[in-house]
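**Q** Provided below are the primary sequence and the corresponding predicted coordinates.
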Amino acid sequence: MPVFPTALPAPRTPDPMEAPALRWGVLGTGWIAECFVRSVRRHTRQRFTAVASRDAYRAKDFADRHGIPHAYGSYRELAAARDVDVVYIATEHTAHLGCARIALDAGKHTLVEKPLAPNAPQAAEIARLAAERSLFCAEALWTFFLPRFDVVRQILDSGVLGNIRTVLAEYGEYFSGDHRILRPAQAGGPLLDLGTYPLSLAVRVLGTPTQVLACAEPHPAGVAGQVSALLRAADGGQGVVHTTLLSDTPTTATIAGSRATLSLPGPFYQPGEVVLTPTGGGTPLTRTEPHTAHEALHYEAAEVARCVSAGLVQSPLRPLADSVATLGAMDEIRRQCGITFPSDP
């Protein structure tokens, strides 16, 4: 039986600057693409050679601001470019499958912004296409590539928590106005943008749930306002997840075992503290790191570069099967709550 440690492990995450330099093309010019390009350029040796948008003027403006040599008004043009090794897909959720198909059909390794797709069937289709072409593909769920989560991974693998019975995770952020997340036609609501984080953690720790109980409250904009779900694992363990657009919440996560509890202060999906507390009291162990928020997006790009250079077609840190399983649980939550997306079968 593992002994409660005297200190938390250090992350094993390699230096992103040491990742082999690849040539990247970006599909989409929205906020997350901006954050990704800025972070990757500051902290890695990766090169951005092209950007594409359905609006050629937006692509040209993005390219000019970030010093990217080529701008295209067509996703297919970028995918066909010879100076692109990896395509990063940062388009709206409902376009992920179509864009992934374009990139993979062109023989390009692909990183798809989270969620991998709006539903599990489309995510499974992306995984199938990548496997058939022996190309690298991953979901850009940056949380699982952070040093903070390598510490979490080591704690889970050590067995120090004992028998894990409970996972609690939530993410709430208030939205108003005409934000994309409030638009039904763009698969809006909290699940895909916010709920992906707590649900992914619960599924990663407990496994694919054997039972789901869910409820939702609508938003005046015509999307879900908040969603809560109870997940039951095959061994009886339970996960409680919640996400909302109606208010700001602490956005914390807890993994509770029979011998210790692992706490992730909010926002749990970003760089931050890891706290391990022995069951029954005792002195907690805490690892701290700077709260750099989306400045840490470069870790996922460095992982892609390492995997591609090593000939891997998936990342062991976030296999496509995990992404599909998370969306499968989300599909069941939506079914029970009557939440539909335009891209549903």
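**A** Here it is on my side, so go on. Predicted, not measured: the structure shown is a model, and the values here were computed from it. Residues are numbered from 1 along each chain as shown.

**Q** For the rest of this, base every contact and every neighbour count on C-alpha atoms.
**A** Will do.

**Q** Which residue ranges make up each domain of the chain?
**A** 16-143, 150-292+317-337 (automatic domain parsing).

**Q** Adding mean pLDDT and mean neighbour count, write these out as JSON lines.
**A** Formatted as JSON lines, the domains of the chain follow (pLDDT from 0 to 100; neighbours: other Cα atoms under 10 Å):
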{"stretch": "domain 16-143", "mean pLDDT": "98", "mean neighbour count": "20"}
{"stretch": "domain 150-292+317-337", "mean pLDDT": "97", "mean neighbour count": "19"}
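
**Q** of those domains, which approaches A7 most closely?
**A** domain 150-292+317-337 (6.4 Å; Cα to Cα).

**Q** residue boundaries of the strands in the protein?
**A** Secondary structure of the chain (DSSP state E): strands located at 23-27, 47-52, 70-72, 86-89, 109-113, 137-140, 164-172, 211-218, 224-232, 238-244, 253-257, 260-264, 274-278, 285-287.

**Q** Quick one, which of the ones you listed gets closest to F149.
**A** Nearest to F149, of those and by Cα to Cα, is strand 274-278 at 8.8 Å.

**Q** Does that closest one pack against any helices or strands, and if so which?
**A** helix 147-158, strand 260-264, strand 285-287 (3 or more Cα pairs under 8 Å, 6 or more residues apart in numbering; DSSP states H and E).

**Q** What pairs with it, parallel or antiparallel?
**A** With DSSP bridges as the test, strand 274-278 is paired with strand 260-264 (antiparallel), strand 285-287 (antiparallel).

**Q** if I read this right, A234 contacts V212, doesn't it?
**A** No: A234 is beyond contact range of V212, at 11.6 Å (criterion: Cα atoms under 8 Å).

**Q** check contacts around the residue sitting nearest the centre point of the chain.
**A** In the chain, the C-alpha nearest the mean C-alpha coordinate belongs to L141, at 1.7 Å (Cα atoms, centre = their mean). If you count contacts by Cα atoms under 8 Å, 6 or more residues apart in numbering, L141 has them with E113, K114, P115, E300, R318.

**Q** okay, those in a markdown table with distance to R65 next?
**A** Output for the contacts of L141, formatted as a markdown table (distance: Cα to Cα, whole Å):
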| residue | distance to R65 |
| --- | --- |
| E113 | 21 |
| K114 | 24 |
| P115 | 27 |
| E300 | 23 |
| R318 | 31 |
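
**Q** wait, which of the residues you listed is closest to T166?
**A** R318 (21.6 Å).

**Q** which non-adjacent residue is nearest that closest one?
**A** F144 (6.6 Å; Cα to Cα, 6 or more residues apart in numbering).

**Q** what about the one you found, neighbour count?
**A** By other Cα atoms under 10 Å, 21 other residues sit near F144.

**Q** residue contacts, it?
**A** D150, L317, R318 are the contacts of F144 under Cα under 8 Å, 6+ apart.

**Q** The nearest residue to the first one once chain neighbours are set aside - how many residues pack around it?
**A** Yep, that's D150 we're talking about. Distances taken as Cα to Cα, 6+ apart place P11 nearest to D150, at 5.5 Å, with adjacent residues excluded. P11 has 15 neighbouring residues, counting by other Cα under 10 Å.

**Q** Now P11: phi and psi?
**A** In terms of degrees, to the nearest 10, the main-chain angles of P11 are phi -70, psi 150.

**Q** That one is in contact with R153, isn't it?
**A** No: if you go by Cα under 8 Å, P11 and R153 don't touch, sitting 9.3 Å apart.

**Q** G328 versus C99, what's the distance?
**A** Look at C99 and G328: by Cα to Cα, to the nearest Å, they are 21 Å apart.

**Q** Now do the contacts for the nearest residue to E113 once chain neighbours are set aside.
**A** Nearest residue to E113, sequence neighbours excluded (Cα to Cα, 6+ apart): A140, at 4.6 Å. For A140, the contact set (Cα under 8 Å, 6+ apart) comprises L111, V112, E113, K114, P115, L116, E300.

**Q** and of these, the nearest to V37?
**A** Ranked by distance to V37 (Cα to Cα), these are led by E300 at 11.8 Å.
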